[in-house]
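Asks: Need coordinates for the below:
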Amino acid sequence: MLNTVYEILVGIVAFIPALAANPGAVLAGGKGRMDLGKNFIDGKRIFGDGKTVSGYIGGILLGALFGFIVYIPLSYFSLFPYDPGYIYLLFASLVLSWGSLTGDLLGSFTKRRMGIEKGQKGNIVDMWPFVLVAFLFSFIFTPGFFLSLYGNFIDIILILILTPVLHRSVNIIAYRMKLKDVPW
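Replies: As a prediction, this is how the structure comes out:
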């Protein structure tokens, strides 16, 4: 039982790059609209003004860097299920961040199709796409890392349950810091 709790905690901590990428995007954002201000075939914006190239790239890099900083002691103290090496851990951190922000873009695209404008609540569409795409990218690009941490699916379920609470908390903090216009 203790071993299972330990594995679950390591899996949750290992997901930090995906969680850190979104606040990183807010910090780095503002330059160069991802959709170039263009509309999709339905006449609605592709992503909206809130998705920028600087936010996407900066968020990926900041999420990956923050995640890698967290991964160093996990690896040093042999807390990962296996020792993939620092280069692989940096890559795994980058993949989770990239997947997270790509999922966020997918969520934004979906919200525009549903008629939900920038700044309006999207509930599940705001939260789960970044988690699911981060897991998908991890499974595709770092399968050993993914299966060693998330192969039992318990962590995936817990992260999906915890995401709404974490997402809301981080957004409230960003709103109070005047980094976001709305607290969701």
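Asks: Which SSE is immediately downstream of the longest helix seen in the chain?
Replies: When the chain is parsed with DSSP state H, its longest helix is helix 86-113. The helix or strand immediately downstream of helix 86-113 is helix 124-141, counting by DSSP states H and E.
Asks: Any buried residues in that next one, and which?
Replies: By neighbour count on 16 or more other C-beta atoms under 10 Å, the buried set for helix 124-141 is 125-135, 137-139, 141. Quick note: C-beta positions are derived from backbone N, CA and C, even for glycine.
Asks: Ok, stretch 84-101 next?
Replies: 84, 89-101.
Asks: Using PDB, write out the CA atom coordinates for that stretch.
Replies: Listed next in PDB are the C-alpha coordinates belonging to stretch 84-101 (Å, rounded to 0.1, in the frame of the first residue of the first chain):
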ATOM      1  CA  PRO A  84      16.000   7.500 -17.700                       C
ATOM      2  CA  GLY A  85      18.900  10.000 -17.500                       C
ATOM      3  CA  TYR A  86      18.700  13.800 -17.300                       C
ATOM      4  CA  ILE A  87      18.500  14.400 -21.100                       C
ATOM      5  CA  TYR A  88      15.500  12.100 -21.400                       C
ATOM      6  CA  LEU A  89      13.900  13.800 -18.300                       C
ATOM      7  CA  LEU A  90      14.400  17.200 -20.000                       C
ATOM      8  CA  PHE A  91      12.800  15.800 -23.100                       C
ATOM      9  CA  ALA A  92       9.900  14.300 -21.100                       C
ATOM     10  CA  SER A  93       9.300  17.600 -19.400                       C
ATOM     11  CA  LEU A  94       9.300  19.400 -22.700                       C
ATOM     12  CA  VAL A  95       6.900  16.900 -24.200                       C
ATOM     13  CA  LEU A  96       4.400  17.300 -21.300                       C
ATOM     14  CA  SER A  97       4.600  21.100 -21.500                       C
ATOM     15  CA  TRP A  98       4.100  21.000 -25.300                       C
ATOM     16  CA  GLY A  99       1.200  18.600 -25.000                       C
ATOM     17  CA  SER A 100      -0.400  20.700 -22.300                       C
ATOM     18  CA  LEU A 101      -0.300  23.900 -24.400                       C
END
